[in-house]
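Peer 1: Model the structure of this input:
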Amino acid sequence: GINRTLLEWLNLWQYLVYKKDLSHFRTLQTRHQQIAANEANKDKIGSKANVTKKTDAIGYSV
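Peer 2: Numbering: from 1, shown residues only. From the prediction side, this is the model:
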């Protein structure tokens, strides 16, 4: 009856909220990994003298 439907809605809602949080967390994680990779690349690039590579503030190639 009603209780079962209510529980299903609750479960669905919790699942959706959890999924949203998870994808947000993954996005943050990916962002941090990108930044770390960019920093590593900058160090590599900085050690080469003959580099004329333009990068933006975050370190992506322009």
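Peer 1: which residues sit in contact with Ser18?
Peer 2: Not quite, residue 18 is Tyr, not Ser. With contacts defined as CB atoms under 8 Å, 6 or more residues apart in numbering, Tyr18 has no neighbours. Where you see a C-beta, it was placed from the backbone N, CA and C, and this is true even at glycine.
Peer 1: Tell me how far it lies from Lys44.
Peer 2: In this view, Tyr18 and Lys44 are 39 Å apart by CB to CB, to the nearest Å.
Peer 1: Same check on Leu22?
Peer 2: 33 Å.
Peer 1: show me where pLDDT drops low in this structure?
Peer 2: For the chain, applying pLDDT under 70 flags the ranges 1, 45-62.
Peer 1: To which secondary structure element is Arg31 assigned?
Peer 2: helix 2-47 (DSSP states H and E).
Peer 1: Pull stretch 3-20 out as PDB, backbone CA atoms only.
Peer 2: What follows is stretch 3-20 as a C-alpha-only set of coordinates in PDB (Å, rounded to 0.1, in the frame of the first residue of the first chain):
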ATOM      1  CA  ASN A   3       3.900   2.700   3.000                       C
ATOM      2  CA  ARG A   4       5.700   0.700   0.400                       C
ATOM      3  CA  THR A   5       5.300   3.400  -2.200                       C
ATOM      4  CA  LEU A   6       6.600   6.000   0.300                       C
ATOM      5  CA  LEU A   7       9.600   3.800   1.000                       C
ATOM      6  CA  GLU A   8      10.300   3.400  -2.700                       C
ATOM      7  CA  TRP A   9      10.200   7.100  -3.200                       C
ATOM      8  CA  LEU A  10      12.500   7.600  -0.200                       C
ATOM      9  CA  ASN A  11      15.000   5.100  -1.600                       C
ATOM     10  CA  LEU A  12      14.900   6.700  -5.000                       C
ATOM     11  CA  TRP A  13      15.400  10.100  -3.600                       C
ATOM     12  CA  GLN A  14      18.300   9.000  -1.400                       C
ATOM     13  CA  TYR A  15      19.800   7.200  -4.400                       C
ATOM     14  CA  LEU A  16      19.600  10.300  -6.600                       C
ATOM     15  CA  VAL A  17      21.100  12.600  -4.000                       C
ATOM     16  CA  TYR A  18      23.900  10.100  -3.400                       C
ATOM     17  CA  LYS A  19      24.500   9.800  -7.100                       C
ATOM     18  CA  LYS A  20      24.700  13.600  -7.500                       C
END
